[in-house]
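**Q** Task: produce atomic coordinates for the following.
(2 chains)
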2 protein chains.
Amino acid sequence: MGKILDVIIVGAGTAGLSALREVKKQTDQFVIINDGPWGTTCARVGCMPSKLLIEAANAFHHRNTFAEFGINGADSLTIDIPKVLRRVRKLRDDFVSSTITTTTELGKKAISGRARLIAPDTIEINGEKLRAHKIILATGTHPIIPEPWRKLGKRLLTTDTLFEQKKLPARIGVIGMGPIGVEMAQALSRLGIQVSAFGSRNTIAGISDPEINETAIQLLQKELPIYLGSRADVVTDHKKIQITAGKSAIEVDSILVALGRQPNIDQLGLETLGITLNDKGMPSFNSNTLQIEDLPIFLAGDVNGEKAILHEAADEGFIAGYNATRSENFCFKRRTPLGIIFCDPNIAIVGQRYQELSKQKNKFVIGKVNFANQGRARASLNNKGLLHVYANAKNGTLLGAEMCAPAGEHMAHLLALAIDRKLTVHQLLHMPFYHPVLEEGLRTALRSITAQLPVGRVPDLTLCSTLNTNAID
Amino acid sequence: MGKILDVIIVGAGTAGLSALREVKKQTDQFVIINDGPWGTTCARVGCMPSKLLIEAANAFHHRNTFAEFGINGADSLTIDIPKVLRRVRKLRDDFVSSTITTTTELGKKAISGRARLIAPDTIEINGEKLRAHKIILATGTHPIIPEPWRKLGKRLLTTDTLFEQKKLPARIGVIGMGPIGVEMAQALSRLGIQVSAFGSRNTIAGISDPEINETAIQLLQKELPIYLGSRADVVTDHKKIQITAGKSAIEVDSILVALGRQPNIDQLGLETLGITLNDKGMPSFNSNTLQIEDLPIFLAGDVNGEKAILHEAADEGFIAGYNATRSENFCFKRRTPLGIIFCDPNIAIVGQRYQELSKQKNKFVIGKVNFANQGRARASLNNKGLLHVYANAKNGTLLGAEMCAPAGEHMAHLLALAIDRKLTVHQLLHMPFYHPVLEEGLRTALRSITAQLPVGRVPDLTLCSTLNTNAID
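**A** Model prediction:
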């Protein structure tokens, strides 16, 4: 055991690589350790391959609009699933290789193997001990699989294995209706697979607004059967798989387990730190500094179980890397919450959720728009979905939004900026809305907020001589 | 000639109807006069039918991505142009009828006929004289057609007649490469028409940034031949039409004239007002009050020749209607400029244009992103286009943007909000950017701005205890 390093980063996923970027600015006395294949969860098995599958599925699904548009021959279109999956892997490999470049350039500073803490400043790796002033744990997560289901063998899929398939069976049961379950159930169904979907709750995709949830479920149920509100179980023999949930029993060929992900902390040695771990074996840490209690250790990215979202993992890597290379910890504000589920129409949640707001004392009002009759949406035949915007009932400050809406991913960004800047609904209505765009639907929702405020509707435009719209009339 | 009305509105298009909304709030002593078919330019012959044609064209064009996605049979798809046009008219009629509802409810207050000013407070209409305290002129525009070309008869199309066609000829020459020319040339080409496009300038669609212009032209030229930089002329006999431009001579079956639109002021009686008219017969007016000189007359919407864009026409109707029903004029600030051309990739211009900025003394920096290698764009096979964002070179305040980029219509709105709020590039980077989205491309452009600022790159995140990102490091 030689010199003491400045920083050891354990995990070379999004958070680890983001930490690495900060650490490298301050010191060359570091190593980064990775267990298993290099490349991020996002690029290897998450955001990117799932989006590649979704884009192919949506392109194929779009044929259902062709007759209405005046295009003949949609019935002749067929989907070549093996080819779809080959493209998924080909581009996935590209995305993965771009995340690997940074670490391959590091030479011996990038170590393959499973790290284990043996003291707050010491890691054991490949039989060797490494000491450092600071340690960043960014080991990520893996899919949850109920133990008894493992006997399904290759007939059990997760996002770790789905994109590796050469072909897909005729019938797939998707178990779990969180973001990943919803995205994959719809995509597989649109690719022509007979999908049955199961969720133990009555809400899907993390939506908390009852009307948005109801809309999302109704739209999805037009495409595939969804069984909600009962825990699914799997009964199997060598030939067939039956999924039971409540009174339903559905036979499938494979199951895709989408029950969430759990932190990679097995054998990480957290128990050697001399601190209290919770019932899941997790230590407590500060979300704004990412420090574990008062130890020289930081917990960054999906592993900490807080926000398993790429841009948050990148932020956490930044915070951990920033603090690990400084003598004192800086406390960083976290970004305005933004979650997007890439189903069609998109589901998105921005700022404070309906459920959070409902629990607070301050009253809020809801601006609503239904896209069924929205002009541009009708023109492009994606006129379905609902968007709710929440604002402070007194002064109209924008607080949050939930939606299942066309181009939701884009409107969610617009709302995220408005909420991040603490804008009022009047300030947001001051911007130009072009015609004909889906954002005019959002404007309808915003205007329905102003109608509920004490100040009432005021002109969008401001006077040349004053900055206060309320001064008009 | 009886009582004196409060307001006469001449023209029931977008501006006129918007004015009507304000006028109705204050008085019932008004009339609204319309010449020709009721219904707005936008709904009848503009934004809406063009978008309907574009959506069908893009849906059909999308088949070119099918093989790459893994979808077989794209070659079997055919387009049924008469059916496309029937859908355009069917939905167009719906959109028109919704704009007509307001005026049909007015009974005798809505008058059909051509109005003519005979004094600053008097209109002659259908042989009758009507007096009012205030008059709003919102008569709109009509397509410019060079007189000699009229002999082409039905073989000459404009947006007034294009959407009325039952079928389309094999070869169409689109003359004029402004926003409408570009949109229609691409859409017709994507519908399988052999389109040749002609523009007298070397820029298209109103783009002023040379690199964006070059990108847009290159992308469009992959789909159809474009002849730029020479004025097109038309030579015809009874059988064929030849378009000549510079050294090129192209034979077509019909021409679509897209040379812009001119104000409907013929026989409007502006010369009776006793004020100076410019060489185009137009009076001078105030853009912030819309009053013509010191007369009790307001000039609103496309007719005033300033900004022929729906949301601006609606704003102008509001301003004119607001001021026409008050004893003094209020001066309204106009919105952050926003122009979107719905070609694919979208062209958009936000805030101050490149050309304006280049003429100013204050230095600006350009943030750039090319979408060729952008992750999400690659996944969805729309990875082409370029986006430039302009910011103050000293403090990073966002000034404008020009782009030819996928989902440009959405990113243009995000940038319009940022510019409207006078945000700096650092403030915009404080918002969350989800992954994988096209907005991450925009973020790349924003980051390339920060790299050029005196303050340099600062973290996106802010400290808990301070609002100033610059305080970090």
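
**Q** average pLDDT across the strand of greatest length in chain A?
**A** Looking across chain A with DSSP state E, the single longest strand is strand A:128-137. Throughout strand A:128-137, pLDDT has a mean value of 98.

**Q** Give the buried residues for that strand.
**A** A:L130, A:R131, A:A132, A:H133, A:K134, A:I135, A:I136, A:L137 (16 or more other Cβ atoms under 10 Å in any protein chain shown). In this view, the C-beta of every residue, glycine as well, is placed from N, C-alpha and C.

**Q** With stretch A:410-427 instead?
**A** A:410-421, A:423-427.

**Q** touching chain B at all, it?
**A** Yes. Residues of stretch A:410-427 are located near chain B by Cβ under 8 Å from any Cβ of the partner chain, namely A:H410, A:M411, A:A412, A:H413, A:L414, A:A416, A:L417, A:A418, A:D420, A:R421, A:L423, A:Q427.

**Q** now those residues in CSV, with distance to B:K109?
**A** Formatted as CSV, the residues of stretch A:410-427 next to chain B follow (distance: Cβ to Cβ, whole Å):
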residue, distance to B:K109
A:H410, 41
A:M411, 38
A:A412, 43
A:H413, 44
A:L414, 39
A:A416, 45
A:L417, 43
A:A418, 39
A:D420, 46
A:R421, 43
A:L423, 39
A:Q427, 36
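
**Q** For the residues you listed, which two are the farthest from each other?
**A** A:H410 and A:Q427 (19.5 Å; Cβ to Cβ).

**Q** residues touching A:I54, list them.
**A** Shown in contact with A:I54 (Cβ atoms under 8 Å, 6 or more residues apart in numbering or on different chains): A:E183, A:Q186, A:A187, A:F342, A:C343.

**Q** Find the nearest non-adjacent residue to the last one, please.
**A** Same thing as A:C343. Distances taken as Cβ to Cβ, 6 or more residues apart in numbering or on different chains place A:Q186 nearest to A:C343, at 4.9 Å, with adjacent residues excluded.

**Q** cool, A:S208 as well?
**A** A:Q355 (3.6 Å).

**Q** Can you tell me how far the one you found is from A:E402?
**A** 9 Å (Cβ to Cβ, to the nearest Å).

**Q** joint contacts of those two?
**A** Common neighbours of A:Q355 and A:E402, using Cβ under 8 Å, 6+ apart, are A:S208, A:D209.

**Q** Between the two, which has more neighbouring residues?
**A** When neighbours are counted by other Cβ atoms under 10 Å in any protein chain shown, A:E402 comes out ahead of the other of A:Q355 and A:E402, with 32 against 13.

**Q** So what pairs up with the more buried one in the strands?
**A** A:I349, A:H388 (DSSP bridges).

**Q** who's in contact with it?
**A** By Cβ under 8 Å, 6+ apart, A:E402 lies in contact with A:I207, A:S208, A:D209, A:I212, A:A348, A:I349, A:V350, A:R353, A:Y354, A:L387, A:H388.

**Q** List just the nearest of the residues of stretch A:410-427 next to chain B to chain B.
**A** Using Cβ to the nearest Cβ, the shortest approach to chain B within the residues of stretch A:410-427 next to chain B belongs to A:H410, at 3.6 Å.

**Q** Test my guess that the closest one contacts B:A407.
**A** Yes. A:H410 is in contact with B:A407 according to Cβ atoms under 8 Å; the separation is 6.4 Å.

**Q** Domain map for chain A?
**A** According to automatic domain parsing, chain A comprises the domains A:5-143+A:262-324, A:147-259, A:338-450.
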